[in-house]
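Trainee: okay, predicted coordinates and the sequence, questions at the end:
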Amino acid sequence: MSTATADRFEAPASSRAERLRKALIGTAPIFLVLIVLLVWITIVNPNFVEPPVFLAFLKRAAPLVILAAGQYFVIVSGEFDLSVGSLVTVVVVVAARLIDGDSGNTWPVIALLLAMGAAVGLVNGLITTRLRVPSFITTLGMLLILSGAVFLWTGGAPRGALADNFREIGRLGIEDFPVLEQLPYSVMIMLVLGAGAIVLMRAGWGRRLLALGDNEQAARLSGVRVENMRTVAFILSGLSAAVAGILLGGFAGVSAQVGQGMEFEAITAVVLGGVALGGGRGTVLAAMAGALTLEALFTLLNLQGVSGALEDTVQGIIIIAAVAFASYRLRGAR
Amino acid sequence: MSVRESQAEGTAVPQNGSATKTPPPAPRRRTSAWANTRTALSNSPATPVYGALLGVFVLAWIIVTIDGGTFVTVDNIVGMLQRSVALGIVSAGQTVVILAGSLDLSVSYVISLSSLLAAETMEGQTSNMIPAILAVLALGVIVGLGNGLIITKLRVNAFIATLGTGLIIKGYMDDRYNGPAGSIPDTFEDLGYRRFGVIPLSVFLLLLVVVVIYLLLRYTRFGFRLYAVGGDEEVSRLSGVRTHRTIIAAHVVCSICAVLTGLFLASRLGSGTPTVGQEGGYDLESIAAVVLGGTALAGGRGGVLGTIGGVFILAVLDNTFNQLEVNAFLKDVVRGFIIIAAVAVYARRTGTGRRATA
């Protein structure tokens, strides 16, 4: 009797400890890799730990981190979103044409861009869930449609210009901040959105999303509205692409190539974070850490003087190695 | 006793029937053969593809004619066939890996690398042709083995594994080459330009690849295992299929198709080019063709004939757009719509709506 009660009291405690342990094992490797990379960068370039330099790094990484968080929702629900790269380009090009250098247009256009991101996500989600087109094809088709449509509209090359107050979002910040000198807006946006994503995944909605990614049938039978949730995941991904586009437009300026390849970078970042393609496994924090790791890797390769060309080779090897390591560990844990 | 009698009778009846043998079974067999063909036709995933191809073709014919162009001429149709060769060969290989439940995003880089390897090994010398072809085939085997081993033994998702190997090859090429390299001897340029009557030699190359892969899928153990592994890897493993070998072999076939495409493109261009694969967009385009051809992205269902139908649909569209002088960007928009719409129709038709988790 007494042992039974003791068991009953101990059981939740041990399971919580167990859960914590599992959570740590699940996300620790990517943080370990991130820390190793950051330390390595610091050894090569000791200035890196100074707050302004480090914040500049975070500022550069912010768009990819936000994109990775959005992609995480889609991937964890068992789908892909290949359209985000071209959506980023579309956002930047549309912003330039509509604002056309007039700062009075900035805020309405930003609202429009966010709505556009959400609309693209909604269409992706509806086609995937209602018409049962595999998301790989849906979003691949959307990629073609978006990149074709935007240049059809602008006549082949980006036109117009971004207003200064639009660009400030991506490049400036709160000045004279204690210790940090400058707190970039993009880093603040990244932190707020990141925290929001974590809260969302810890709430009931996030748990249901994980459940349906893991076992769609079981989730459906226990009353999860699978189609609606997946559609919302696509909308979140579209929104994140719109935000990333707004930040990148300010940071990097207007070009037709601004979002090129970002869909693969975002998916790579999410997978680096230990999130399983196919759904149901991994945390959004680790996905964002994956994006930071990827950005740190690019920084390090730059510092090491690896030629821009070989950067791709190193990236390829590291992605494969990281995923191989993760699946090796997963097998060991089982 | 009575049971045995009735059994005896039961066996006796058809024998009696077969005493007056010759007339009855023959028509029955004929109808059943026809029925078989009919069910095979209506069940084959390739049938709606060719229906769609016919529809697109007729529509294109009407539109181009109204516009004042000519569509159904020998030259134009042969032109479309020739344009389909490169994408057709890659897509045939892509079909094999997708049937196995995998996919290959590295093909466009493999195509570029093989065109460089071929042109540099040949260096304009006809005598170097055979070594160059062997070297390129070896490259295909190595890349395919690499992809397959990374996917099966290291258990890396095919999407990431082939994206990674593609990046590795891309980095190598960007580092070593700044532009076209090597040169192709005139003899080998025949592959790209020689014609038999009106039919270009390269169309026969496409035909050969398609027939080989069709036979491979339809009549060999490898083919049966491929469908089994693509349908359910765990179940086929438990039923004694060596799933890893099957997937590795599928990737070798796919990479060999990619290097053949590289050889063909090198013969067309007269030299090796580090960007020829990416400019053609052969990675995503070949996957689109396979899916347009009715093959399930999740694996286990479909075939190479459908894929070729998908390639032809894309070729007819391309030709029509060119004749109408449609803006290149509008082309992409329409292509995107058509790919999504076609797959939505297939999903409706098969009803199961299997999702890709590959």
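Mentor: Cool, the structure landed.

Trainee: only C-alpha atoms for contact and neighbour calcs from this point on.
Mentor: Will do.

Trainee: quick one, strands of the chain?
Mentor: Since you didn't name a chain, this refers to chain A. Under the criterion DSSP state E, strands of chain A are mapped to A:173-177, A:181-184.

Trainee: chain B was what I was after
Mentor: Using DSSP E, the strands of chain B run over B:195-196, B:199-200.

Trainee: closest one to chain A among those?
Mentor: strand B:199-200 (31.1 Å; CA to the nearest CA).

Trainee: related to what we said a few turns ago, output the strands of chain B as TSV; include the columns distance to residue A:109 and mean pLDDT.
Mentor: Listed next are these as TSV, based on distance: least, CA to CA, whole Å; pLDDT from 0 to 100:
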stretch	distance to residue A:109	mean pLDDT
strand B:195-196	57	78
strand B:199-200	53	84
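
Trainee: give me whichever of those strands is most buried.
Mentor: Of all those, strand B:199-200 carries the top mean neighbour count, a mean of 18, counting by mean count of other CA atoms under 10 Å in any protein chain shown.

Trainee: okay, now the unreliable bits of the stretch 201-350 of chain B?
Mentor: The model of the stretch 201-350 of chain B has pLDDT under 70 over residues B:349-350.

Trainee: go again with 80.
Mentor: The model of the stretch 201-350 of chain B has pLDDT under 80 over residues B:326, B:328, B:346-350.

Trainee: up against chain A, what does it have?
Mentor: B:284, B:288, B:297, B:327-337, B:339-340, B:343-344, B:347-348 (CA under 8 Å from any CA of the partner chain).

Trainee: from what I can see residue A:87 touches residue A:260, true?
Mentor: No. If you go by CA atoms under 8 Å, residue A:87 and residue A:260 don't touch, sitting 9.7 Å apart.

Trainee: which of those two has more neighbours?
Mentor: Higher neighbour count among residue A:87 and residue A:260: residue A:87, with 31 against 15, using other CA atoms under 10 Å in any protein chain shown.

Trainee: measure that one to residue A:148 for me?
Mentor: 11 Å (CA to CA, to the nearest Å).

Trainee: so who does residue B:203 touch?
Mentor: B:81-82, B:85 (CA atoms under 8 Å, 6 or more residues apart in numbering or on different chains).

Trainee: centre-most residue in chain B?
Mentor: residue B:92 (1.8 Å; CA atoms, centre = their mean).

Trainee: and the residue nearest to that residue when sequence neighbours are not counted, what does it touch?
Mentor: Distance criterion CA to CA, 6 or more residues apart in numbering or on different chains; nearest residue to residue B:92, sequence neighbours excluded, is residue B:304 at 5.8 Å. By CA under 8 Å, 6+ apart, the contact set of residue B:304 is B:92, B:95-96, B:210, B:213-214, B:293.

Trainee: tell me which of those fall in helices.
Mentor: Among the contacts of residue B:304, the members found in helices (DSSP state H) are B:92, B:95-96, B:210, B:213-214.

Trainee: what about the residue nearest to residue B:248 when sequence neighbours are not counted, distance to residue B:247?
Mentor: Closest residue in space to residue B:248, ignoring its immediate chain neighbours: residue B:148 at 4.0 Å, by CA to CA, 6+ apart. Going from residue B:148 to residue B:247 by CA to CA gives 6 Å.

Trainee: hang on, isn't residue A:224 packed against residue A:207?
Mentor: No. Using CA under 8 Å, residue A:224 and residue A:207 do not qualify as a contacting pair, with a distance of 10.4 Å.

Trainee: neighbour count for these two, which is higher?
Mentor: residue A:224 (18 against 14).

Trainee: now that one: how far from chain B?
Mentor: 18 Å (CA to the nearest CA, to the nearest Å).

Trainee: mark which of the residues of the stretch 201-350 of chain B next to chain A are buried, thanks.
Mentor: Buried residues within those, counting neighbours by 16 or more other CA atoms under 10 Å in any protein chain shown: B:284, B:288, B:297, B:329-336, B:339-340, B:343-344, B:347.

Trainee: residue contacts, residue A:285?
Mentor: Applying CA under 8 Å, 6+ apart, we find residue A:285 in contact with A:194, A:198.

Trainee: quick revisit: what about the buried ones among the residues of the stretch 201-350 of chain B next to chain A, which are in helices?
Mentor: Counting by DSSP H, the part of these found in helices is B:284, B:288, B:329-336, B:339-340, B:343-344, B:347.
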